[in-house]
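Visitor: structure for this input, please:
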Amino acid sequence: MKKKIVGIFLCTLLIATGLLPIVNSETKPTWNSIEMKGSSEYLMNGGWYEVKNNITVLHLNGSYYQMGYQHGFLIKERILQFYRAFLSFFEKNNFSYGQLLDIWNSTFHYIPTCYIDEMHGIADGANISFEDVAVTNIMSLVWYYIITKFGYVPPSQGCTALAAWGPATLDGRLYHMRSCDFEPNYKDPETGTCIQDTAVLIVRTPVDAYASVTPEFPGLVCTWNGINEKKISIGETTCTTTEYSFDGISYAFRIRMALDSAETAEDAITILCSNRTEGCNLIVSDGNIPIAYVLEQTANQSYVGSWDSEIESKWPYWEMDHVIRRVCLFVNPDCAKTSPNVIITPRFLTLFYVFIVVGMLGEKGPGTPYLWLQYKALSKGMKDKWGELDLNTTMQITRNVYDFKYGLLWGYIGKKWDYHTQDIITGWQWVACPETGDFLLSMAHNDISAHKMPTTLFNINDLMDAAPP
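Guide: Have a look, this model is predicted:
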């Protein structure tokens with residue numbers, strides 16, 4: 001097994017650097033053509049789903065094509081609802097299907113063959129076009145493109161992520177949190193289903209790669225977060241930047257690559273720092289040591305550090321002992337300069353506070369100050385419970401931040417604008433202890449944000465060992 005993983009890792013690096021050719025996306029890979037012609041019973045072997053506390057858990061097993069086929073076959077309707085919602089959103093923003101395909105055709109050469117293969121499996125299992133699967137799996141690249149080229153303005157608030165370990169936690173173990181936030185106006189035009197009601201918990205057990213668990217939207221091979229069987233966890237917060245490229249691999253695919261093949265945080269960082277395309281923060285945790293790192297990156301900039309790196313204490317941010325936290329803005333000044341949002345300065349923050357207090361800001365203000373207050377609220381919550389952090393405490397702090405606690409101005413914003421019904425909905429929130437495999441997960445339902453929904457305790461090892469009822 002270890003030799004196979006090493007092979008996948010080396011193959012991935014060769015593909016990413018252009019030293020190994022990749023199969024054209026319009027032609028199915030030939031190396032598993034016999035499998036593709038196999039019976040549906042064979043293809044579905046090991047694929048099933050269950051529902052636990054209103055959370056759909058999708059179990060995928062086998063080769064990449066097999067996992068894709070099971071994915072498409074088992075939850076076809078959810079996939080269609082999500083795809084239609086996604087495509088409708090971009091159509092409403094004057095971004096055509098043809099433009100989506102143009103971006104796909106510019107970037108698919110960099111994506112490892114196994115994931116192209118898995119996307120073909122989804123298309124075949126759900127009996128939908130490969131093109132629909134392909135363009136939806138590059139949504140993060142498309143999102144950047146319409147921000148910079150078409151003037152689309154994203155909401156002021158976004159995802160959060162953190163990691164804490166050592167003296168910061170109750171038992172010294174590492175705890176990793178991610179909250180996934182997005183706009184609530186992604187709706188399927190045919191059924192009216194919101195995308196938060198399509199999300200699932202995906203348990204992947206590839207034949208030749210490491211198993212992982214990822215809360216995610218249906219029909220996606222890529223992912224924005226997850227935990228693998230080697231106790232590596234990754235969470236992302238999106239940061240706007242003018243430095244993006246189609247000549248590389250979207251971070252959502254790089255996260256998938258890392259979860260499939262990384263045994264250590266260093267393995268994951270090597271993958272995540274290669275072939276960069278968009279702007280994001282990534283928190284990478286290794287529950288074996290334990291330790292966590294933060295990665296900030298654009299297509300041209302890359303920063304890697306931990307809680308005690310000098311950059312963490314650059315004003316107006318500050319370091320916290322054995323705690324890393326991020327929202328949707330850059331802390332690294334070089335990365336921050338590439339953001340189209342307003343750059344934080346002492347004078348700007350002073351004016352912002354004055355405008356907030358006297359009520360002079362309009363219905364939607366600039367993104368950066370709100371995000372900074374979100375960072376401040378998250379930091380305050382962590383400081384209040386420093387040394388006592390565990391699964392439940394970290395989850396409660398996260399929920400309190402989304403209830404606009406930890407700060408008068410943050411609380412004032414929460415009363416002035418109800419972000420979780422109009423501008424932002426939290427699709428899912430999780431807190432994991434990679435060392436034990438335990439994680440808490442809550443998922444949004446209808447108009448109820450995830451931070452208001454009950455949490456469910458899972459264990460990655462139990463999920464991997466589970467069998468159909």
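
Visitor: where does pLDDT dip in the chain?
Guide: Applying pLDDT under 70 to the chain picks out residues 1-38, 148-157, 341-368, 416-423.

Visitor: what about residue 176, helix or strand, and which?
Guide: According to DSSP states H and E, residue 176 maps onto strand 175-182.

Visitor: separation between residue 59 and residue 456?
Guide: Distance, residue 59 to residue 456, by CB to CB, to the nearest Å: 16 Å. To be clear about C-beta, it is placed using only N, CA and C from the backbone, and glycine gets the same treatment.

Visitor: what helices and strands are in contact with the strand holding residue 176?
Guide: strand 160-164, strand 225-228, strand 232-238, strand 280-286, helix 391-402, strand 425-433 (3 or more CB pairs under 8 Å, 6 or more residues apart in numbering; DSSP states H and E).

Visitor: neighbour count for residue 59 and residue 456, which is higher?
Guide: Legend: neighbour count by other CB atoms under 10 Å for residue 59 and residue 456, higher for residue 59 (22 against 17).

Visitor: burial check on residue 384, number of neighbours?
Guide: 12.

Visitor: all helices for the stretch 351-469 of the chain, in order.
Guide: 367-384, 391-402, 408-416, 460-465 (DSSP state H, counting those that start in this stretch).

Visitor: can you redo those as CSV with distance to residue 276?
Guide: Shown next, in CSV, are the helices of the stretch 351-469 of the chain (distance: least, CB to CB, whole Å):
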stretch, distance to residue 276
helix 367-384, 22
helix 391-402, 28
helix 408-416, 32
helix 460-465, 28
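
Visitor: to residue 228, which of these lies closest?
Guide: Taking CB to CB, helix 460-465 is the member of these nearest to residue 228, at 8.1 Å.

Visitor: quick one: contacts of that closest one?
Guide: When contacts are defined by CB atoms under 8 Å, 6 or more residues apart in numbering, helix 460-465 is touched by residues 57, 59, 203, 205, 211, 212, 213, 227, 229, 437, 439.

Visitor: what subset of these is buried?
Guide: Using 16 or more other CB atoms under 10 Å as the burial test, those include 57, 59, 203, 205, 211, 212, 213, 227, 229, 437, 439 as buried.

Visitor: buried residues, stretch 311-318. List them.
Guide: 311, 312, 317.

Visitor: wait, is the first one part of a strand?
Guide: No: according to DSSP: H, G, I helix; E, B strand; the rest coil, residue 311 belongs to no strand; its state is helix.

Visitor: any idea how far it lies from residue 298?
Guide: 15 Å.

Visitor: try the last one
Guide: From residue 317 over to residue 298 the distance is 18 Å, taken as CB to CB.

Visitor: extract the CA atoms of the strand holding residue 176 and return them as PDB.
Guide: This file holds the C-alpha atoms of strand 175-182, laid out as PDB (Å, rounded to 0.1, in the frame of the first residue of the first chain):
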ATOM      1  CA  TYR A 175      -8.400  20.300  17.200                       C
ATOM      2  CA  HIS A 176      -9.200  21.600  13.800                       C
ATOM      3  CA  MET A 177     -12.300  23.600  12.800                       C
ATOM      4  CA  ARG A 178     -13.700  24.800   9.600                       C
ATOM      5  CA  SER A 179     -16.900  26.700   8.800                       C
ATOM      6  CA  CYS A 180     -18.100  26.700   5.200                       C
ATOM      7  CA  ASP A 181     -20.100  29.900   4.300                       C
ATOM      8  CA  PHE A 182     -21.600  30.900   1.000                       C
END
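
Visitor: fine by me, we can end here.
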